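Colleague: would you be able to build a 3D model of this:
(one chain, ligands or ions: 2)
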Amino acid sequence: MSDDYLARIGTTIKEARNRAGLSQSDLATKLETSQSAVARIEAGGQNLTLDNLARISEALDTELVALTRTPSSGAVHLKIEGGRQLSGAIDVKTSKNAAVALLCASLLNKGTTTLRSLARIEEVNRILEVLNSIGVQTRWLPGSSDLEITPPARLSLDTMDEEAARRTRTVIMFLGPLLHEFDNFSLPYAGGCDLGTRTVEPHMTSLTHFGLDVEATQGSYAATASGVVDSDKAIILTERGDTVTENALMAAARHPGRTTIRNASPNYMVQDLCFFLEKLGVSVEGIGTTTLVITGKKDIDVDVEYSPSEDPIEAMSLIAAAVVTKSEITIRRSPIEFLEIELATLSGMGMQYSLSAEYLADNGRTRLVDITTHPGPLKAPIDKIHPMPFPGLNIDNLPFFALIAACAEGTTTIHDWVYDNRAIYLTELNKIGGKVTLMDPHRVLVEGPNRWRANEVTCPPALRPGVVVLLAMLAAPGTSYLRNVYVIHRGYEDLAERLNALGASVQPFRDIG
Ligand SMILES: CC(=O)N[C@H]1[C@@H](OP(=O)(O)OP(=O)(O)OC[C@H]2O[C@@H](n3ccc(=O)[nH]c3=O)[C@H](O)[C@@H]2O)O[C@H](CO)[C@@H](O)[C@@H]1O
Ligand SMILES: C=C(OP(=O)(O)O)C(=O)O
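Modeller: Numbering: from 1, shown residues only. Ligands and ions are numbered 1, 2, ... in the order given. Next up is the predicted model:
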């Protein structure tokens, strides 16, 4: 490494340490080194390995160096020693999908927003990069996953980190908050998981209600806001989409009149956003239903705290982990309202589980339970398994049913009508002993029960199918490798470590280069 490069890294570390409110000695204690070593690093007088940098990033709770940013360099892989049963209890973390909505919604507020126990995942990191690049100050409060967000007097969209923006689909949700701030602005095209084409048309159509006109130009959306709101009519969503409902909600939040959204998604992330908007002083009637009536505020300037709720998709992932490894585990803090169809489907397949009494999430609204799984034989369901917008079986939970079907006696049809390019990734299970046949781009037949066998597989470029392969590897006796797991880190926090606490053996390792 050149001296100049080392000095720049040293300065970055020093700034991050100061932001975290740590002294050199505090950081040295966390790194199990001496204060003088930290001083040397900060002065650029110490050679650093990627591993050192990763440890310092972790100690400072910051993506100091985005080691996983470019898939081809420093990619993270997992080594799995499979065939172990799991036991014990695990807490479900807060959801990715509420986190991204709330980060966008923080743009509505001129005051300081504190999001408690936010998911510390790559998707959040990318949005933080985008927010920081347009002038929003963000800070993880020391020793916590609480994020403090302070907006600037005026956002600077010209300096947006477009590379980070293009790695998520979330940037589309900047349209709703920003249309009240700018007459003309442009945003890069939305990216995200490779699941085939995903329309943005419903977003555009719903926002015309607020006078927004969006033209897709070369690589970006050019938006013009006329400020004329069509107050008399309801917004009728042609799809009951989650992020489109959120976009319309955020646009309505700063419109001082009443806005009605019909065919709104009542899904978990939308509910979290509604609860947050209420804290901002916005009135939202009909939360949890498909008709929302919002009375917004022209200006929102409050210091506010909010705790998003737990992730039903993570809870489902952990249920699938228990099934595939034939384990009894307790999945604490599971948001039951968003798992009822999943549990009923599992009961139909013969799965035994017990539920604790209900208790409330930290947002004071979402109902949680602890789910204890009881291993036993499963049978294929009589009917095909397909998702529906909430309150159906969650679209993101569908891939886990392919894994569970592989453990059940008989043949199951899994119908992923939603995504053009997701069912195909389920055939990756065949590399580790699954018997999955692709019938057409949307349907797979899964024959079970099968015997899992260890193998080396490149992680599919889609979050849930990636986790499904990982979970199957937990059950496959021997050593498996799952390569390039950035997509998993997009949506799950410390998954390897947390599975290991239940008795799994999942070791992350990196390419150096
Ligand atoms: C950040 C976030 O919250 N992401 C979630 C959100 O994405 P998001 O809200 O962006 O989902 P999309 O708008 O891409 O919808 C997913 C797909 O479903 C189709 N569709 C959706 C609703 C409907 O009533 N009819 C219909 O056909 C869409 O055309 C699209 O092809 O919802 C998806 C579907 O639940 C989830 O997979 C994503 O995890
Ligand atoms: C498809 C998903 O998310 P995103 O909308 O972030 O791509 C998912 O969470 O499975």
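Colleague: and residue 222, what are its bridge partners?
Modeller: Using DSSP bridges, the bridge partners assigned to residue 222 are residue 186, residue 215.
Colleague: gap between it and ligand 1?
Modeller: Distance of residue 222 to ligand 1, computed by C-beta to the nearest ligand atom, to the nearest Å: 21 Å. In short, each C-beta sits where N, CA and C put it, glycine included.
Colleague: which residues touch that residue?
Modeller: 184, 186, 214, 215, 216 (C-beta atoms under 8 Å, 6 or more residues apart in numbering).
Colleague: who wins for most neighbours among those residues?
Modeller: Counting neighbours by other C-beta atoms under 10 Å, residue 214 leads the contacts of residue 222 with 22 neighbours.
Colleague: gap between the residue minimising distance to the centre of the chain and residue 33?
Modeller: Closest to where the C-alpha atoms of the chain average out (C-alpha atoms, centre = their mean) is residue 96, at 2.6 Å. Note on residue 96: its distance to residue 33, by C-beta to C-beta, to the nearest Å, is 34 Å.
Colleague: returning to what we had before: just send the contacts of residue 222 back as a markdown table, with distance to residue 354 too.
Modeller: Shown next, in a markdown table, are the contacts of residue 222 (distance: C-beta to C-beta, whole Å):
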| residue | distance to residue 354 |
| --- | --- |
| 184 | 57 |
| 186 | 53 |
| 214 | 49 |
| 215 | 55 |
| 216 | 51 |
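Colleague: within reach of ligand 1, which of these are there?
Modeller: When the contacts of residue 222 are checked against ligand 1 using C-beta under 6 Å from any ligand atom, none falls in range.
Colleague: could these go into a markdown table alongside pLDDT?
Modeller: What follows is the contacts of residue 222, written out as a markdown table (pLDDT from 0 to 100):
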| residue | pLDDT |
| --- | --- |
| 184 | 94 |
| 186 | 92 |
| 214 | 90 |
| 215 | 88 |
| 216 | 81 |
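Colleague: related to what we said a few turns ago, quick one, phi psi at the residue nearest to the centre of the chain?
Modeller: Main-chain dihedrals, residue 96, degrees, to the nearest 10: phi -60, psi -40.
Colleague: my read: it touches residue 120, true?
Modeller: No. Assessed by C-beta atoms under 8 Å, residue 96 is found out of contact with residue 120, at 10.6 Å.
Colleague: do a quick rundown of the strands in the stretch 351-500 of the chain.
Modeller: Secondary structure of the stretch 351-500 of the chain, counting by DSSP state E, counting those that start in this stretch: strands at 352-355, 359-360, 367-374, 410-415, 436-440, 443-448, 456-458, 478-483.
Colleague: so which of those is the most surrounded?
Modeller: strand 443-448 (a mean of 20; mean count of other C-beta atoms under 10 Å).
Colleague: could you export it as CSV, CA atoms only?
Modeller: Taking C-alpha atoms only, strand 443-448 is exported to CSV below (Å, rounded to 0.1, in the frame of the first residue of the first chain):
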residue,chain,number,x,y,z
ARG,A,443,-43.7,-22.9,-11.5
VAL,A,444,-41.5,-25.6,-9.9
LEU,A,445,-42.3,-29.1,-8.8
VAL,A,446,-40.5,-30.2,-5.7
GLU,A,447,-40.2,-33.9,-4.8
GLY,A,448,-39.5,-34.9,-1.3
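Colleague: what strands line up against that strand, and which way round?
Modeller: Sheet pairing of strand 443-448 (DSSP bridges) gives strand 410-415 (antiparallel), strand 436-440 (antiparallel).
Colleague: now the longest one: mean pLDDT?
Modeller: What strand 410-415 shows for mean pLDDT is 98.
Colleague: that one close to ligand 1?
Modeller: No. Strand 410-415 is not in contact with ligand 1 by C-beta under 6 Å from any ligand atom; minimum separation 13.3 Å.
Colleague: kindly export that strand (C-alpha atoms) in PDB.
Modeller: This file holds the C-alpha atoms of strand 410-415, laid out as PDB (Å, rounded to 0.1, in the frame of the first residue of the first chain):
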ATOM      1  CA  GLY A 410     -44.700 -36.200  -2.000                       C
ATOM      2  CA  THR A 411     -44.700 -33.600  -4.800                       C
ATOM      3  CA  THR A 412     -45.500 -29.900  -4.200                       C
ATOM      4  CA  THR A 413     -46.200 -27.300  -6.800                       C
ATOM      5  CA  ILE A 414     -44.700 -23.900  -6.000                       C
ATOM      6  CA  HIS A 415     -46.300 -21.200  -8.100                       C
END
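Colleague: need the residues that contact it.
Modeller: Strand 410-415 is contacted by residues 379-381, 384-386, 398, 401-402, 405, 423, 426, 439, 442-448 when judged by C-beta under 8 Å, 6+ apart.
Colleague: check contacts around the residue nearest to the centre of the chain.
Modeller: Residues near residue 96 by C-beta under 8 Å, 6+ apart: 119, 121, 123, 124, 311, 313, 490, 491.
Colleague: surely the last one touches residue 120?
Modeller: In this case it means residue 491. No. Assessed by C-beta under 8 Å, residue 491 is found out of contact with residue 120, at 11.5 Å.
Colleague: which one's more surrounded, these two?
Modeller: Applying other C-beta under 10 Å to residue 491 and residue 120 shows that residue 491 carries more neighbours, namely 26 against 18.
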